[in-house]
Each structure stands twice: as structure tokens, then as C-alpha cells.
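> this is a predicted model, with the sequence first.
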Amino acid sequence: MALNNDEWRQIDYLLCLTKPFYEYTLALSKTRDVTAHLVFQIYNMLFEHLEKSIKQLQRKHVPWKQQMLSSLEAGRLKLDEYYSQTDHDRDHIYAISTMLAPDNRFQFFLTDDWTKEWRDKYRASFQDTLLPYQERQAMTINDRPGICRSEKSVQND
């Protein structure tokens, strides 16, 4: 039994819809590098792809396209569910990883995709995470032999 042109169009459309998900999954599974700093960027691209596809299908009235639309909307809800879990992970680790990436830094969160509330929350988490390292760094510097803290300490030795 061969597929007709309409069925091939449906398959082609499904391939176009799932291609970004496939490509990101493949790219992430192939790398041995750290990828936590890419999480928000990838989610944003996937959301944009789904929203664009949903918007295109909302104008269509062909039954299979309407079924595709309801499936995309369900997929969007599932992606929302997964995305919301990034806020519950240890101290906003994905946001902190994004800020530590040299090509992102905090600038990543200065787009319209992020509210001031989230920016403030992520900045505070970043600062809280850095605090123990800053304290350890300060103790290490103060405990180094041969480093004088002031002229008085030199005179008292």
C-alpha cells in the first residue's frame, strides 16, 4: 500500500516539526562537554519553533492539520512542564551556568524573554552561590605567608 500525496505531506510536516528536537537531542548526546549553560537557549528555541508552528496551524481547517494543532498544543504544555522544573533545580543551577558561560553572562537574561523578577532572582542566586568561593578566596589570600597586610604588621614582626 503506497502513501498518497496528502499522507506524504503529513509525514513531511511531522519531520519539520520534530527536526529541532531531534537535532538538539543528537547534539547534546554526542558531546562530552558541559551543556548546562545551553539549557535556557535550547528551550527558548524550541518554544519559538512550537509557537511559530502553532500560529501557522491556527489558520488551517483541514482535519489532519487541526489534529496536528491539538498535538502541538499538548506538546507545548509538556515542554512548559519540563521547563518549569529548571526553576526547582538546586539554586537555579541552569541560570548560574548560563551566567558563567563567557558568551552569555548575565546579558542573556536582559532580553524581553525575562522579567525583572526572574533577573533579580537569578542574580541573587548567582551571588549566593559565589559567596562561599569569595570567602574562601579571601581567607586564602589573608593566610599566605610573606604577604604583609600593612606597614604596622611589618614593624611588629
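Structure's in. What do you need?
> for residue 47, see how far away the residue positioned nearest the centre of the chain is.
Nearest to the mean C-alpha position of the chain, by CA atoms, centre = their mean, lies residue 40 at 1.3 Å. For residue 40, the distance to residue 47 (CB to CB, to the nearest Å) stands at 10 Å. C-beta coordinates here come from the backbone N, C-alpha and C atoms, glycine included.
> pLDDT weak spots in this protein?
The model of the chain has pLDDT under 70 over residues 89, 142-157.
> care to break it down by domain?
The chain breaks down into these structural domains: 1-88, 92-142 (assignment by automatic domain parsing).
> just to revisit the earlier point, the residue nearest to the centre of the chain - nearest residue in space that isn't next to it in sequence?
Of all residues not flanking residue 40 in the chain, residue 98 sits nearest, at 5.5 Å (CB to CB, 6 or more residues apart in numbering).
> just the element for that neighbour, please.
Assigned by DSSP states H and E, residue 98 belongs to helix 93-100.
> and residue 121, by the same measure?
With elements taken from DSSP H and E, the one containing residue 121 is helix 116-142.
> packing partners of that helix?
helix 93-100 (3 or more CB pairs under 8 Å, 6 or more residues apart in numbering; DSSP states H and E).
> and the helix it packs on, how far from the chain's centre?
Relative to its chain's centre, helix 93-100 lies at 8 Å (CA atoms, centre = their mean, to the nearest Å).
> and stretch 11-26, by the same measure?
That offset, for stretch 11-26, works out to 19 Å (CA atoms, centre = their mean).
> for it, buried residues please.
13, 17, 20, 24 (16 or more other CB atoms under 10 Å).
> next one: stretch 65-85
Result for stretch 65-85 [16+ other CB under 10 Å]: buried residues 65, 68, 69, 72, 75, 76, 79, 83.
> give me the contacts around stretch 9-24.
Applying CB atoms under 8 Å, 6 or more residues apart in numbering, the contact partners of stretch 9-24 are 3, 42, 45, 46, 49, 53, 64, 68, 72.
> quick check: of these, which lies closest to residue 128?
Checking the contacts of stretch 9-24 against residue 128 by CB to CB gives residue 42 as the nearest, at 25.3 Å.
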